[in-house]
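Enquirer: generate a structure from the sequence data that follows.
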Amino acid sequence: MKRVITYGTFDLLHYGHINLLRRAKELGDYLIVGLSTDEFNQDKKNKKSYFTYEQRKTLLESIRYVDLVIPENDWEQKAKDVHEYRVDTFVIGDDWKGHFDFLKDEGIEVIYLSRTPEISTTRIKKDLDHTV
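Expert: Numbering: from 1, shown residues only. I've put the predicted structure just below:
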């Protein structure tokens, strides 16, 4: 069984997220999603999520491509997670290109997938601000 892992906040879930998850799942048999906790988003990423961790987790668990959702508590846990969950492939959006190449030294395939260009949570938030 080929295991794939990806990470993110997945707030205001949209079709760009679904595209990423679908493409990640196509790379293996089992998809694990490291979901940023509320504390990690606030304290380390300087992000405020609309939905709580538990709400975002419930949404992700309802997507057929996702097999397991785990909490992402810090930047450093990725190297530990790939071993703990016996991951073969690490997948993330190409806006992170090069940031996770160190996982290749752990024997992990690292793939940076292109984003869906016309959609992002940041863009949704900006568009909503302009409609009020």
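Enquirer: and the helices in this protein?
Expert: 15-25, 38-43, 53-61, 77-84, 121-131 (DSSP state H).
Enquirer: okay, now the nearest residue to V33 once chain neighbours are set aside: neighbour count?
Expert: Leaving aside its chain neighbours, V33 sits nearest to V69 (5.0 Å; criterion: C-beta to C-beta, 6 or more residues apart in numbering). C-beta here means a position set from N, CA and C on the backbone, and glycine is covered the same way. V69 has 20 neighbouring residues, counting by other C-beta atoms under 10 Å.
Enquirer: quick one: least confident helix or strand in the protein?
Expert: Least confident helix or strand of the chain, by mean pLDDT, DSSP states H and E, is helix 121-131 with a mean of 64.
Enquirer: got a list of what S114 touches?
Expert: 93-94 (C-beta atoms under 8 Å, 6 or more residues apart in numbering).
Enquirer: quick one, phi/psi of it?
Expert: Backbone torsions of S114, given as degrees, to the nearest 10, read phi -70, psi 140.
Enquirer: poorly predicted segments of the protein, please.
Expert: Scanning the chain for pLDDT under 70 picks out the ranges 117-132.
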